[in-house]
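Engineer: sequence first, predicted coordinates after that:
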Amino acid sequence: MSEKKKILAVDDESDLLLIIKTALFSEGFDVITASNGPDGLALAEDQKPDLLILDMMMPEMNGFEVLKCMRDNPKTQDIPVIMLTGVSEKSKIRQALDSGIDYYIVKPFEFHDLISKVKIALEGGGPALP
């Protein structure tokens with residue numbers, strides 16, 4: 001039997017983190033969370049998750065800054081990333097995809113869309129538009 005996949009969710013909205021954690025846990029994933037970019041980077045390096053779900057708009061470090069640090073670090077550079085954000089501008093979506101994210105999900109979102117993209121990203125699929 002395969003071991004549980006570990007997912008790190010980084011978002012400054014604590015209510016959303018709880019929703020994400022609950023939804024993914026119910027699907028059999030091990031979920032850890034961080035409420036800001038620096039903590040997310042530390043957890044990514046220490047815990048080596050199988051996937052990162054990352055908000056774009058956060059204080060201290062935005063999602064693009066977190067992503068750049070991850071891609072520049074050999075310990076985290078290969079972790080697939082789903083950007084989950086309220087930003088729906090095409091230019092930001094293109095910037096995110098060009099920066100190395102695997103999927104882009106716009107808030108508000110449907111749980112089945114999140115679960116589906118998580119499973120595809122974990123299987124090595126991507127990158128893809130929303």
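Structural biologist: Alright, I've got the coordinates.
Engineer: how about the nearest residue to Gly63, chain neighbours excluded?
Structural biologist: Met56 (3.8 Å; C-beta to C-beta, 6 or more residues apart in numbering). For every residue, glycine as well, the C-beta is placed using N, CA and C.
Engineer: can you get me a residue count around the one you found?
Structural biologist: Neighbourhood size, Met56 [other C-beta atoms under 10 Å]: 21.
Engineer: give the contact list for it.
Structural biologist: Taking C-beta atoms under 8 Å, 6 or more residues apart in numbering, we find Met56 in contact with 62-64, 83, 85, 87, 92, 96.
Engineer: can you do 6 Å?
Structural biologist: Counting by C-beta atoms under 6 Å, 6 or more residues apart in numbering, Met56 makes contact with 63, 83, 85, 87.
Engineer: which stretch of helix or strand covers Leu97?
Structural biologist: If you go by DSSP states H and E, Leu97 is part of helix 90-98.
Engineer: buried set for that helix?
Structural biologist: 92-93, 96-97 (16 or more other C-beta atoms under 10 Å).
Engineer: before we move on, what about stretch 7-25?
Structural biologist: 7-11, 16-17, 20-21, 23-24.
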